[in-house]
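1. generate a structure from the sequence data that follows.
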Amino acid sequence: MKPVARKIGIIGHGAIGARVAADVAAGKVAGASLEGIVSRSPVPNAPAARLDMAEALERCDVLVECAGQEALAEHGEAVLSAGVDLLATSLGALADPDLSGRLSAAGPGRLFLTSGSIGGLDLLASGARATGYDAVKITTTKLPASLVQPWMDEKEEDRIRNTAVPLEIYQGPADQATRLFPKSLNVAAAVALAVADWGVDVSVRVDPAARLTTHVIEAAGNSGTYRFEICNQVSPQNPRTSGIVPFAVLRSLELIVGARGGII
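-> Numbering: from 1, shown residues only. Here you go, the predicted model:
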């Protein structure tokens with residue numbers, strides 16, 4: 001007997017959510033069917049019905065959050081408490097210990113986290129479980145305009161936008177980094193979650209000559225010394241994110257709903 005496809009809802013229809021929704025609707029995720037899109041505003045040319053959150057909790061088996069930290073904070077607990085599985089992309093929201101604790105305690109729905117635009121998290125998590133690390137650092141380099149933030153004053157904005165050379169604009173722990181750059185540093189949150197330490201050292205750099213978004217992850221401990229360098233093409237729809245992210249979400253979703261096994 002052919003298994004019944006799990007009904008998927010997508011929260012958000014931006015650069016990430018639109019591609020995820022389109023591929024699920026096109027049958028490109030084995031074991032999944034697109035039930036609807038959760039959005040406060042109309043979604044032109046959407047491949048499925050627009051749902052409010054109450055409708056989504058009634059009709060969906062899995063919700064995929066592609067709408068930012070505020071959406072995860074607002075809806076995460078209710079989704080899990082309704083018995084709906086939740087795949088989150090906005091990992092920076094989990095830097096809030098109160099939210100993280102409430103989501104960990106909620107259920108019977110399960111919370112899944114996608115790896116997003118970086119790799120190596122499986123090895124980092126294994127090393128953290130084995131012996132822990134003496135030091136973990138992630139250095140992220142992006143084009144200047146993608147890292148300008150609303151909290152910056154005019155002088156800092158000008159310094160970033162007009163730099164002719166690479167420039168470090170932040171150095172500090174991952175929890176603070178994800179609050180200051182909420183749409184740009186889910187990678188820092190992913191590393192912090194993998195090693196169970198929000199004190200991971202984060203360096204944020206702008207480079208006007210950067211063709212790619214670069215993340216360099218370094219970790220050292222008794223289990224070994226690791227260094228990963230990831231260079232991603234920027235999303236054409238949203239320069240704050242990498243083009244690979246929707247496909248990481250789709251891979252994660254297929255592992256959650258699929259009948260087949262695979263590398264996890």
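2. got any ranges where the stretch 151-264 of the chain has weak pLDDT?
-> Counting by pLDDT under 70, the stretch 151-264 of the chain shows low-confidence ranges at 259-264.
3. please enumerate the helices of it.
-> Per DSSP state H, counting those that start in this stretch, the stretch 151-264 of the chain carries helices over the ranges 154-161, 174-180, 186-195, 245-257.
4. which one of those is the most hemmed in?
-> Between these, the one whose residues have the most neighbours on average, counting mean count of other CB atoms under 10 Å, is helix 186-195 (a mean of 26). Where C-beta positions appear, they are placed from N, C-alpha and C, glycine not excepted.
5. from residue 129, how far out is the residue nearest to residue 125 when sequence neighbours are not counted?
-> Excluding its sequence neighbours, the residue lying closest to residue 125 (CB to CB, 6 or more residues apart in numbering) is residue 194, at 4.5 Å. Applying CB to CB, to the nearest Å, one obtains 10 Å for the distance of residue 194 from residue 129.
6. just residue 111 next, same as before
-> Residue 111 sits 19 Å away from residue 129 when distances are taken as CB to CB.
7. the two: which has the busier surroundings?
-> residue 111 (20 against 12; other CB atoms under 10 Å).
8. phi, psi for residue 35 please.
-> According to degrees, to the nearest 10, the main-chain angles of residue 35 amount to phi -90, psi -40.
9. for the closest residue in space to it that isn't next to it in sequence, what are phi and psi?
-> The shortest distance from residue 35 to any residue other than its chain neighbours is 4.0 Å, reached at residue 7 (CB to CB, 6+ apart). Summarising the backbone geometry of residue 7 under the convention degrees, to the nearest 10, its torsions are phi -90, psi 130.
10. rewinding a little: looking at the helices of the stretch 151-264 of the chain, which is nearest to residue 227?
-> In this view, the helices of the stretch 151-264 of the chain are compared for proximity to residue 227 by CB to CB, and helix 186-195 is the closest at 12.7 Å.
11. residue 104: what's it in contact with?
-> Neighbour list for residue 104: residue 111 [criterion: CB atoms under 8 Å, 6 or more residues apart in numbering].
12. for residue 116, which three-state class applies?
-> Reducing the assignment at residue 116 to three states with DSSP: H, G, I helix; E, B strand; the rest coil gives coil.
13. how close does it get to residue 223?
-> The separation that residue 116 has from residue 223, given CB to CB, amounts to 24 Å.
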